[in-house]
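Chemist: here are the coordinates; sequence isn't available:
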C-alpha cells in the first residue's frame, strides 16, 4: 500500500471513531464537541498509528490511543482559541465564537474527560500509557502558560523558546510516537527514542508554523497572525529579530497598530535582510535531520516514519 | 479520638499535601493554583478518609485519592467561577478576578492534570479508581452544562433538577465515599452502597445550598446569589415556585432587575407563604434519612459516616 493510501485509510478510521465518540450527553455539549471534531488533519493520530504499524504493534490499541490523543489535542485547541480570541479553526468557527466562552470552557473540559474515559478501553500497558498521557497533559498546560508569560517579556532566549514549544507542541507529538512504540511492546530505550523523534517533529512543526506566518499567503493565516503579532507573541523569528535589534521590532509592532500591512511588511523586510528567514529554514531542516537520524538506528517494518517527516514538511498552512 | 479531632487532623494532613503538590511549574500557574488551593473546608477529602477509616482501608491510598478529588473539585470551581462570573470563593478572590480568564482556564486545566498525575501514586486498584474518577469528571461537566441549559428553560421538573445536581454535585461526593470503600477492598455491592450514600449527601448538600440562599444572612451569600437569581438559575426552590405560579416568579425577577431587595423579598415571601421553605427542609431531611439507612445495613468500624451527615447538615453557608 502506498503511504498516501495508508494515511488516507487511517484518517477515515479515526474520523469514523470520532464521529461516534460522544453523542449521548446534553445538547449544549454534544453539538459543540462534534462540531469541532469534524475538522482537522489528524496528524497526531496518524503518527501513533504509523509508529505501531512500523513495529507491528496492536492496531486496536493504537487506534484507541490515537483517538484519545486527538481528543487531547482538541481540548487544547478549544481552550487556546478562547485565550487567543481566535474565530476560525480548521476552517470552522471556533466554539467560543459560535456558542460562547462558558460553553467552550466546558466543551474543552468534557473533550478531555472523553479522552481519559476512552483510554480505559486499552488492553495492555494501560497504566504506563495513562501515565505518559497525563504527563503530556501537564506539559501542554505549562507550555501554554509560558507562551502567555513570554508576551510580557522581551528577553526570551532561543533556548527558552525551544523549551516552551517543546512543552506546548512537542510533547503531544512525542506522545503519539511513544505510545505507538509502547503499544508495540518495544524496549523502553526504543520508546524513549521514538518520543524524542516526535518531540523533534513537533519542534520543527512549530518553527515551520512561525515561518509560514511570514512566507505564506496572509489570507490563509488571517486574524490569528494579526493578533499574534500585535500581542507580541513570541515566534522563532521574533526571538531572532529581537536578538539582532529589538528596537526595530518594537517600532514595527507600533506601526502595525495603526497600519498593520505597513508595520508587518517592514518587519518581514527586516527578517529577510538579516537572513532570519533562511536561518529558520536551516533550523527546521536541522531538526528534521536529527529526527531522521533517530530512525536510522531502529529496526522497523516499513518506511512510514520517514514519510511522515516529509508529510509534515510539505504542508502549506 | 473525637470526631472533631479526627476531621481536624485529616484536614491538616490534606492541607499539607496540597501545599506541596505543585510548586515547580511556571509562576503564572503555580501562583494562581496555590492561591485557590489555600482555601476550602476539604469536605470531600474528609469523606474519602472517613470512609477508608470506617472500613480499615489503607490510609496512604485514601490520602492520595482524597487529594486528587480535592484537586478535581477545585478544577470545577475555577472554571465554574469564570462561567458564573463570581469574584469570591472560600473568602478569596477567584483566579479570573485576581488574574484573568486565560490564566483561570489554564490553571483549572493544570489542576485537573495534577490530580490525574497524583492518582498514579496509588498502590492498589489503580485502574478501577481512575475509571471511577474519570466517570465523575464527565458527570460534573454534563451537570454544569445542564445547569447552563436550564437557565433558558422554565419547564424544568423536580426530576430533571435532581438529575442535574446529582451530576454537578452528587457524583464527586459519591466518588469520595466509593473510593474510600474501594481502597478498603470491600465487595462491589458495598462500594455501590457507599457511592449511593455519597450521591445522596451531595443532593442534600445542594438543596441545602439552595435553601441557604433564602434563609441565611444575605451578605454571606453575596454577589453570587444576586446574579444567580437574576440569571434565572434553577434551584430546588425556584422549581417548586415555578410549578405553583411561574408568572409570580417572573415578576419577582423583573422587579429585582430594577430593585434587587424588593424583588427578592417578594420572592422569599412567596416561598414562605406557599410552604416551599418547609418543603425543602423536609426534602433535605428525607434524603439524609435515606443516606443514614444505607449506613444502617453496613458493618463498620466506627460511627464517622453518621457524624459526617451531621457535619453537612450543620454548616451555615
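Modeler: Perfect, thanks for sending it. As the structure is a computational prediction, the values presented were derived from the model and not from experiment. Numbers count the residues shown, from 1 in each chain, chains lettered A, B, ... in the order given.

Chemist: who in chain A is up against chain B?
Modeler: A:25-29, A:79, A:82-83, A:101-103, A:105-106, A:108-110, A:112-114, A:116-117, A:120, A:126-127, A:130-131, A:134-135, A:137-138, A:141-142, A:144-146, A:148-149 (CB under 8 Å from any CB of the partner chain). All C-beta atoms are positioned from the backbone trio N, CA, C, and that covers glycine.

Chemist: one more time with 6 Å
Modeler: Counting by CB under 6 Å from any CB of the partner chain, chain A comes close to chain B at A:25-26, A:28-29, A:79, A:83, A:102, A:105-106, A:109-110, A:113, A:116-117, A:120, A:131, A:134, A:137-138, A:141-142, A:144-146, A:149.

Chemist: Name only those of those that count as buried.
Modeler: A:25-26, A:28-29, A:79, A:83, A:102, A:105-106, A:109-110, A:113, A:116-117, A:134, A:137-138, A:141-142, A:144-146, A:149 (16 or more other CB atoms under 10 Å in any protein chain shown).

Chemist: in the stretch 151-300 of chain A, which spans are helices?
Modeler: A:158-165, A:171-183, A:188-215, A:218-221, A:223-230, A:236-258, A:260-273, A:276-296 (DSSP state H, counting those that start in this stretch).

Chemist: tell me the most buried of these?
Modeler: Highest mean neighbour count of these: helix A:171-183, a mean of 29 (counted as mean count of other CB atoms under 10 Å in any protein chain shown).

Chemist: follow-up on the earlier one: from the residues of chain A next to chain B, which ones fall inside strands?
Modeler: Per DSSP state E, strands hold no members of the residues of chain A next to chain B.

Chemist: Those in helices, which ones?
Modeler: A:28-29, A:79, A:83, A:102, A:105-106, A:109-110, A:113, A:116-117, A:131, A:134, A:137-138, A:141-142, A:144-146, A:149 (DSSP state H).

Chemist: Using a markdown table, please lay out the helices of the stretch 151-300 of chain A together with mean pLDDT.
Modeler: What follows is the helices of the stretch 151-300 of chain A, written out as a markdown table (pLDDT from 0 to 100):
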| stretch | mean pLDDT |
| --- | --- |
| helix A:158-165 | 97 |
| helix A:171-183 | 98 |
| helix A:188-215 | 95 |
| helix A:218-221 | 54 |
| helix A:223-230 | 77 |
| helix A:236-258 | 94 |
| helix A:260-273 | 94 |
| helix A:276-296 | 96 |
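
Chemist: want to try a markdown table for those helices, with distance to residue B:261 as columns?
Modeler: What follows is the helices of the stretch 151-300 of chain A, written out as a markdown table (distance: least, CB to CB, whole Å):
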| stretch | distance to residue B:261 |
| --- | --- |
| helix A:158-165 | 51 |
| helix A:171-183 | 52 |
| helix A:188-215 | 54 |
| helix A:218-221 | 52 |
| helix A:223-230 | 43 |
| helix A:236-258 | 46 |
| helix A:260-273 | 50 |
| helix A:276-296 | 62 |
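
Chemist: quick one, which of those helices is nearest to residue B:35?
Modeler: Taking CB to CB, helix A:158-165 is the member of the helices of the stretch 151-300 of chain A nearest to residue B:35, at 23.2 Å.

Chemist: Figure out which of the helices of the stretch 151-300 of chain A is closest to residue A:53.
Modeler: Closest among the helices of the stretch 151-300 of chain A, using CB to CB: helix A:171-183, at 8.0 Å.

Chemist: by contact count, what packs against that closest one?
Modeler: Counting contacts by 3 or more CB pairs under 6 Å, 6 or more residues apart in numbering or on different chains; DSSP states H and E, helix A:171-183 packs against helix A:43-54, helix A:59-84, helix A:126-150, helix A:188-215.

Chemist: before we move on, the earlier item: which of the helices of the stretch 151-300 of chain A sits closest to residue A:16?
Modeler: Evaluated over the helices of the stretch 151-300 of chain A, closeness to residue A:16 peaks at helix A:171-183, with 19.0 Å, by CB to CB.

Chemist: distance between that closest one and the chain's centre?
Modeler: 13 Å (CA atoms, centre = their mean, to the nearest Å).

Chemist: Report the inter-axis angle for that helix versus helix A:59-84.
Modeler: Angle of helix A:171-183 versus helix A:59-84, following axes from the mean of the first three to the mean of the last three CA atoms, to 10 degrees, is 170 degrees.

Chemist: Hey, what's the angle from helix A:171-183 to helix A:188-215? Just curious.
Modeler: 150 degrees.

Chemist: which residues touch helix A:171-183?
Modeler: A:44, A:47-48, A:51-52, A:57-58, A:61-62, A:65, A:69, A:125, A:129, A:132, A:136, A:139-140, A:190-191, A:194-195, A:197-199, A:201-202 (CB atoms under 6 Å, 6 or more residues apart in numbering or on different chains).

Chemist: I figured residue A:291 was touching residue A:200, is that so?
Modeler: Yes: taking CB atoms under 6 Å as the definition, residue A:291 is a contact partner of residue A:200 at 4.1 Å.

Chemist: Just give the number of residues close to residue A:311.
Modeler: Counted with other CB atoms under 10 Å in any protein chain shown, residues neighbouring residue A:311 total 18.

Chemist: Also residue A:299?
Modeler: Using other CB under 10 Å: residue A:299 sits among 8 other residues.

Chemist: Distance-wise, check it relative to chain B.
Modeler: Note on residue A:299: its distance to chain B, by CB to the nearest CB, to the nearest Å, is 31 Å.

Chemist: Equivalent analysis for residue A:269, please.
Modeler: For residue A:269, the distance to chain B - CB to the nearest CB - is 32 Å.

Chemist: That residue: what's it in contact with?
Modeler: Counting by CB under 6 Å, 6+ apart, residue A:269 has no contacts.
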